[in-house]
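[1] Give me a model of this one.
(2 chains)
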There are 2 protein chains.
Amino acid sequence: MSIETVAIQGEAGSFSHAAARQLLGEDVRLLHRPSFDALFQAVDTGEADRGLLPIENSLAGSIHENYDRLSASPLHIVGETQLRVSHCLIGRPGSTLASIRRAASHAVALAQCRRFFAENPQIEPVVVYDTAGSVRDLMKGGLASGAAIGSRLSAELYGGQVLREAIEDDPRNYTRFLLLSRGTETAGAPSKTSVTFVLHNQPGALHRALGMFASRGVDLAKIESRPLRGRPWEYAFYLDALGDPDGPAGEAVRELASSAVSLRVLGSYPASAWREDS
Amino acid sequence: MSIETVAIQGEAGSFSHAAARQLLGEDVRLLHRPSFDALFQAVDTGEADRGLLPIENSLAGSIHENYDRLSASPLHIVGETQLRVSHCLIGRPGSTLASIRRAASHAVALAQCRRFFAENPQIEPVVVYDTAGSVRDLMKGGLASGAAIGSRLSAELYGGQVLREAIEDDPRNYTRFLLLSRGTETAGAPSKTSVTFVLHNQPGALHRALGMFASRGVDLAKIESRPLRGRPWEYAFYLDALGDPDGPAGEAVRELASSAVSLRVLGSYPASAWREDS
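    Model (predicted):
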């Protein structure tokens, strides 16, 4: 297989980059995009072969805005991976934790390291929009008292020194990423199918929908309802069905499609087990 | 009814404060706590009569860590409300948008106003752990070029001037809050019951569980699966059932309790419709 280009949101060393390496190997060629919309656009236009999109986090839940982008896009899910999100305090080579007075990172990363800042009140958190970029800038000529918070990968890529590992408050921090493509071809046999659908809010409507899977012995890896704003009596659902899409799982999806208000198949792809570490 | 004390995470003027006023009126007496754990503790020990806890956001999804706290706690849900989360740029009286060079707020609020900062590159975002507190501090003696990002309520409470309203990237930003109590008494007739439960991961297990509600004509307001870390073949579910808990909804919950691996009733309470504005 030729080396493909994968669009991610963020810089080299970001968690999206770490996820891309985990799923596709160290030689993956990346196209860095400043926003999720620009990521979709890069794959749409063919600038990138694939895109890698965060879709849910084990602490923070489903990223509804990215489900919205997926639902509105013609791209297909062709793979997935779960990345353990662990934050490092990264300084310039030779610096020590005691010398650090400022630590820059993305706002969400700072929020996930609240305990570290409480225990180290001499270190001021500084918000930046690009965590890996802040590591890069630090190495280019930052102050000795400056540090950044980012992935171990970003320290390795930019020559930073990891001063403290795993400074996130909660170690049960995993993000699931989806690999997106214009086509439906997958690297392995597809074993999971993701769909979004809308049902009229009638008692038992979801039960009937799930019966289409249960009666065929098809197991579900995810089901989630989401209220539709402005349509108080309708719900959207996210559903991941396990099994060969050419078998009973696909039959169930087609039956559901024929009875739902609307249904969109987001893709069929090889399922990745939740990893306990990475 | 005597005025009760409600524990919230955050300062006067926080979105939790705004939610408490929306649900319980302007005269609500608040107990401010620095963390969600401290909020639970305040209600547990009787220091506060109630607690108000954010549980899901329309963009960011379910707050799993607060579901975890709820599941581990003996407290009951006795009410709910949905708050429209809208951010204001708040300056000192007499200041103008053109004079502002720094804007302080909680990391997550800053992350939700990315477009505003892109369009106003002369304003540097500054991360603080307490948005409303940053408004208060600004009014006490901040620089004329300083501003904070927070709720309209925080501007009103501390005498700040709203320089720009609704600077969040996405206006479809609502947070659902749950009212917690040691007892089960509710202000109105309960019409929604929230449970968490664990099922063995057998094909059709969820379908059978939902059948207990569907066969009784009980409608669901929420269903969400969550993988259990370390137990790859089991799932936890969040479920909200509509209807009188003394009627068919309660019967269905009891039938489910008798067949699930585990089930916890989080509470029965008056349902609040999703509000289109607040």
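[2] Tell me where the model's unsure across chain A.
    Within chain A, the segments meeting pLDDT under 70 span A:1-2, A:228-234, A:273-278.
[3] In it, which residue sits nearest chain B?
    Closest approach between chain A and chain B, counting by C-beta to the nearest C-beta: A:Gly61, at 2.8 Å. Every C-beta, even on glycine, is put in place using the N, C-alpha and C of the backbone.
[4] residues of stretch A:191-202 that come out buried?
    If you call a residue buried by 16 or more other C-beta atoms under 10 Å in any protein chain shown, then stretch A:191-202 has these buried ones: A:Ser191, A:Lys192, A:Thr193, A:Ser194, A:Val195, A:Thr196, A:Phe197, A:Val198, A:Leu199, A:Asn201.
[5] Kindly tell me how buried A:Phe36 is, as a neighbour count.
    A total of 19 residues lie near A:Phe36 under the criterion other C-beta atoms under 10 Å in any protein chain shown.
[6] Would you agree it is in contact with A:Asp68?
    No. Assessed by C-beta atoms under 8 Å, A:Phe36 is found out of contact with A:Asp68, at 10.0 Å.
[7] For A:Leu266, list the residues it contacts.
    Contact analysis of A:Leu266 by C-beta atoms under 8 Å, 6 or more residues apart in numbering or on different chains lists A:Leu70, A:Ser71, A:His76, A:Ile77, A:Ser194, A:Val195, A:Thr196.
[8] let's see 6 Å
    A:Leu266 makes contact with A:Leu70, A:Ile77, A:Ser194, according to C-beta atoms under 6 Å, 6 or more residues apart in numbering or on different chains.
[9] Just these: which are in helices?
    A:Leu70 (DSSP state H).
[10] Chain B contacts on the stretch 51-200 of chain A?
    Applying C-beta under 6 Å from any C-beta of the partner chain, we find that the stretch 51-200 of chain A lies next to chain B at A:59-62, A:64-65, A:107-108, A:110-111, A:125, A:127, A:172.
[11] Whichever of the residues you listed end up buried, select them in ChimeraX.
    Applying 16+ other C-beta under 10 Å to these, the buried members can be selected in ChimeraX as follows:
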select /A:59,60,61,62,64,65,107,108,110,111,125,127
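[12] Filter the residues of the stretch 51-200 of chain A next to chain B down to the ones in helices?
    A:His64, A:Glu65, A:Ala107, A:Val108, A:Leu110, A:Ala111.
[13] With distance to A:Arg136 as added columns, please give the residues you listed in TSV.
    Formatted as TSV, these follow (distance: C-beta to C-beta, whole Å):
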residue	distance to A:Arg136
A:His64	31
A:Glu65	27
A:Ala107	18
A:Val108	19
A:Leu110	18
A:Ala111	22
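[14] out of those residues, which one sits closest to A:Phe213?
    If you rank these by distance to A:Phe213 using C-beta to C-beta, A:His64 comes first, at 23.1 Å.
[15] Can you give me the neighbour number for A:Arg254?
    A:Arg254 has 13 neighbouring residues, counting by other C-beta under 10 Å.
[16] same question, A:Leu39
    A total of 27 residues lie near A:Leu39 under the criterion other C-beta under 10 Å.
[17] How about A:Gly267?
    Around A:Gly267 there are 24 other residues, counting by other C-beta under 10 Å.
[18] quick one: the most centrally placed residue in chain A from A:Tyr67, how far?
    A centroid search over chain A (C-alpha atoms, centre = their mean) returns A:Pro54, at 1.6 Å, as the residue closest to the centre. Relative to A:Tyr67, A:Pro54 is positioned 11 Å away (C-beta to C-beta, to the nearest Å).
[19] try A:Ala19
    A:Ala19 sits 18 Å away from A:Tyr67 when distances are taken as C-beta to C-beta.
[20] which one of those two has more residues nearby?
    With neighbours defined as other C-beta under 10 Å, A:Ala19 and A:Tyr67 compare such that A:Ala19 has more, 27 against 21.
[21] and A:Glu80, what are its bridge partners?
    A:Leu178 (DSSP bridges).
[22] I figured it was touching A:Ser268, is that so?
    No. The criterion here is C-beta atoms under 6 Å, and A:Glu80 misses it with A:Ser268 at 11.3 Å.
[23] what about the two, which has more around it?
    Taking other C-beta under 10 Å, A:Glu80 and A:Ser268 do not tie; A:Ser268 has more neighbours (26 against 22).
[24] Walk me through which strands the strand or helix carrying that one pairs with, and which way each runs.
    Using DSSP states H and E, A:Ser268 falls within strand A:262-269. Partners of strand A:262-269 in the sheet, by DSSP bridges, are strand A:192-200 (antiparallel).
[25] How about residues contacting the partner strand?
    Here strand A:192-200 makes contact (C-beta under 6 Å, 6+ apart) with A:71, A:77, A:205, A:234, A:236-242, A:245, A:249, A:253, A:260-269, A:271.
[26] Neighbours of A:Gly94, how many?
    A count of neighbours around A:Gly94, defined by other C-beta under 10 Å, yields 8.
[27] What is the burial count for the residue lying closest to it once chain neighbours are set aside?
    Ranked by C-beta to C-beta, 6 or more residues apart in numbering or on different chains and with sequence neighbours excluded, the top spatial neighbour of A:Gly94 is A:Gln161, at 7.2 Å. Neighbourhood size, A:Gln161 [other C-beta under 10 Å]: 16.
[28] Was I right to think A:Gln161 contacts A:Gly91?
    Yes. In terms of C-beta under 6 Å, A:Gln161 counts as a neighbour of A:Gly91; the distance is 5.2 Å.
[29] And the helices in the stretch 1-150 of chain A, which stretches?
    Remark: helices assigned in the stretch 1-150 of chain A by DSSP state H, counting those that start in this stretch are A:15-24, A:36-44, A:64-72, A:107-111, A:114-119, A:131-141.
[30] Now do the helix or strand containing A:Lys222 against strand A:192-200, angle only.
    Secondary structure from DSSP H and E places A:Lys222 in strand A:220-227. On the basis of axes from the mean of the first three to the mean of the last three C-alpha atoms, to 10 degrees, strand A:220-227 is oriented at 30 degrees to strand A:192-200.
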